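Student: sequence unknown, structure follows:
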């Protein structure tokens with residue numbers, strides 16, 4: 001499955017010139033400041049507006065081509081669209097809202113797939129209700145279900161969490177993760193929240209003033225210091241894949257494996273085996289259970305740098321690191337790119353990069369330099385979208 005975009009469109013003061021390709025299933029985040037052209041772009045993909053020039057292809061099927069005067073209407077594009085507000089039909093029950101799209105699909109889902117979607121989104125107990133009787137999170141889940149029952153080739157989500165409070169966001173985020181992991185279709189996700197992007201996205205397209213500034217893996221893009229003004233300068237950092245390798249119930253911590261290193265965070269989830277419930281020496285060791293995948297969002301402001309291993313501190317994560325780059329940020333700060341591990345053995349380090357944002361004065365006081373071996377002291381980390389204070 002693929003999406004190919006190469007369009008130009010003038011909308012008021014916005015001069016949109018977008019060119020990129022999404023080649024595989026998963027979530028691609030359209031990220032950038034307000035007015036950068038994100039919503040205009042997905043409206044063009046959906047067929048709600050006709051670009052001034054260019055082409056749009058979904059699964060190698062051209063839905064727009066200015067040169068050949070091709071412009072398929074929205075109903076023929078097999079595109080599912082979820083807006084900021086759910087836009088459910090208020091006079092219909094949840095069941096009828098869901099099956100409105102299903103009945104009109106050119107290639108409707110089989111019954112077992114319909115049941116799977118309803119189960120995945122946890123809306124089976126809502127079928128007889130009307131939208132007015134639903135919470136904001138429930139309405140968005142129903143809106144997702146309606147889009148999926150249309151059996152689309154691509155799903156467009158236009159800031160689906162922006163109208164929700166934090167509690168409702170926490171309610172719906174696991175369903176978006178399930179959607180990413182269980183449904184094999186490309187998803188274009190518009191957001192201005194770096195935490196949402198770090199938790200959900202596989203790829204990012206960074207936009208500014210109608211232009212694509214960067215396009216690539218979430219792990220690569222969020223590690224780039226040159227994009228910090230667009231990805232959130234104060235929240236610059238890195239996203240790193242990791243695995244949950246065990247729990248210490250009495251200590252209230254979880255062990256995470258990351259590129260050969262172990263990190264400790266507050267307890268993430270109940271254990272899955274009796275061994276993890278034991279006391280004594282076994283309890284202080286990572287569990288042999290099959291690890292589950294997760295991802296860490298380590299913000300630059302939550303990383304300190306030490307030239308030697310600190311003694312008697314509360315921080316649980318002190319990782320050997322090598323300085324790869326020093327980048328001035330404004331007049332008083334420096335972003336320090338750190339590769340996990342020490343290069344003293346002469347081996348090429350291929351571990352992930354993390355970022356630390358420190359004052360220029362601190363960098364000068366420590367005489368930091370590229371290639372220097374230091375220690376990254378990680379104070380807190382985002383895991384599964386929640387902030388975990390690792391030195392608690």
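Tutor: The structure has been received and is ready for your questions. Since we're looking at a predicted model, the values are computed, not measured.
Student: Look up the pLDDT of residue 313 for me, please.
Tutor: On pLDDT, residue 313 comes in at 84.
Student: make that residue 189, sorry
Tutor: pLDDT, residue 189: 92.
Student: Next SSE downstream of the helix or strand harbouring residue 363?
Tutor: For residue 363, the host element (DSSP states H and E) is helix 360-365. Remark: after helix 360-365, the chain's next helix or strand is strand 373-378, criterion DSSP H and E.
Student: what sits up against that next one?
Tutor: The contact list for strand 373-378 (CB atoms under 8 Å, 6 or more residues apart in numbering) reads 263, 298, 302-310, 313, 315, 317-323, 338, 340, 342-344, 354, 356, 368, 390. All C-beta atoms are positioned from the backbone trio N, CA, C, and that covers glycine.
Student: how about a cut-off of 6 Å?
Tutor: Counting contacts by CB atoms under 6 Å, 6 or more residues apart in numbering, the residues outside strand 373-378 that touch it are 303-307, 309, 315, 317-319, 321-322, 338, 342, 390.
Student: Ok, stretch 79-92 next?
Tutor: Stretch 79-92 is contacted by residues 46, 97, 131, 139-140, 143-144, 147, 150, 152, 154-160, 162-163 when judged by CB under 6 Å, 6+ apart.
Student: Could you pick out the buried ones from these?
Tutor: With burial judged by 16 or more other CB atoms under 10 Å, the buried subset of the contacts of stretch 79-92 is 46, 97, 131, 139-140, 143-144, 147, 150, 152, 154-160.
Student: Can you give me the buried ones in the strand or helix carrying residue 171?
Tutor: Using DSSP H and E, residue 171 falls within helix 166-182. The neighbour-count check on helix 166-182 (16+ other CB under 10 Å) flags 168-169, 171-173, 175-176, 179-180 as buried.
Student: Also stretch 129-139?
Tutor: Quick answer for stretch 129-139 (16+ other CB under 10 Å): 130-131, 134, 136-139.
Student: Among the residues you listed, which one lies nearest to residue 293?
Tutor: Nearest to residue 293 among the buried residues of stretch 129-139, counting by CB to CB, is residue 137 at 24.8 Å.
Student: now whichever strand or helix holds the closest one against helix 166-182, angle please.
Tutor: Here residue 137, judged by DSSP H and E, is contained in helix 136-149. Here the directions of helix 136-149 and helix 166-182 differ by 20 degrees (axes from the mean of the first three to the mean of the last three CA atoms, to 10 degrees).
Student: and helix 136-149, what other elements does it pack with?
Tutor: strand 79-82, helix 94-104, helix 166-182 (3 or more CB pairs under 6 Å, 6 or more residues apart in numbering; DSSP states H and E).
Student: Please pick the buried ones from the contacts of strand 373-378.
Tutor: 303-305, 315, 317, 319, 321-322, 338, 390.
Student: Which pair of the residues you listed spans the longest distance?
Tutor: 322 and 390 (21.0 Å).
Student: For residue 317, list the residues it contacts.
Tutor: 263, 378, 390.
Student: What's the separation between the second one and residue 258?
Tutor: Spelled out, that is residue 378. Here the criterion is CB to CB, to the nearest Å. By it, residue 378 lies 11 Å from residue 258.
Student: Run through the protein and note the low-pLDDT ranges.
Tutor: Counting by pLDDT under 70, the low-confidence segments of the chain come to 1, 225, 228-236, 269-291, 343-350, 384-388, 391-392.
Student: quick one, helices of it?
Tutor: Under the criterion DSSP state H, the chain contains helices at 38-46, 94-104, 111-120, 136-149, 166-182, 194-200, 218-221, 228-231, 360-365.
Student: starting at the chain centroid, how far to the fourth one?
Tutor: This means helix 136-149. 19 Å (CA atoms, centre = their mean, to the nearest Å).
Student: tally of neighbours for residue 27?
Tutor: Residues within reach of residue 27, counting by other CB atoms under 10 Å, total 26.
Student: pretty sure it is in contact with residue 200, am I right?
Tutor: Yes. Counting by CB atoms under 6 Å, residue 200 is a contact partner of residue 27 at 5.2 Å.
Student: Now the common contact residues for these two.
Tutor: With CB under 6 Å, 6+ apart, residue 27 and residue 200 have no common neighbours.
Student: tally of neighbours for the closest residue to residue 264 other than its chain neighbours?
Tutor: Distance criterion CB to CB, 6 or more residues apart in numbering; nearest residue to residue 264, sequence neighbours excluded, is residue 316 at 4.2 Å. Residue 316: 19 surrounding residues under other CB under 10 Å.
Student: Backbone torsions only: list them for residue 316.
Tutor: Residue 316 adopts backbone torsions of phi -90, psi -20, taken as degrees, to the nearest 10.
Student: Could you check how far it is from residue 378?
Tutor: The gap separating residue 316 from residue 378 is 8 Å, by CB to CB.
Student: shared neighbours of these two, which are they?
Tutor: With CB under 6 Å, 6+ apart, residue 316 and residue 378 have common neighbours residue 390.
Student: buried set for stretch 121-131?
Tutor: Those would be 121-123, 126, 130-131, for stretch 121-131 by 16+ other CB under 10 Å.
Student: next one: stretch 87-104
Tutor: Here stretch 87-104 shows 88, 93-95, 97-99, 101-102 as buried, counting by 16+ other CB under 10 Å.
Student: now stretch 75-86
Tutor: Buried positions in stretch 75-86, judged by neighbour count with 16+ other CB under 10 Å: 77-84, 86.
Student: Taking these together, which two end up most distant?
Tutor: Top of the distance list for the buried residues of stretch 75-86 (CB to CB): 78 and 84, 22.1 Å.
Student: picking that back up, I'd like the helices and strands packed on helix 136-149 as CSV, with distance to residue 243 appended.
Tutor: Shown next, in CSV, are the helices and strands packed on helix 136-149 (distance: least, CB to CB, whole Å):
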stretch, distance to residue 243
strand 79-82, 31
helix 94-104, 36
helix 166-182, 15
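Student: who's in contact with residue 370?
Tutor: Contact partners of residue 370, counting by CB under 6 Å, 6+ apart, are residue 323.
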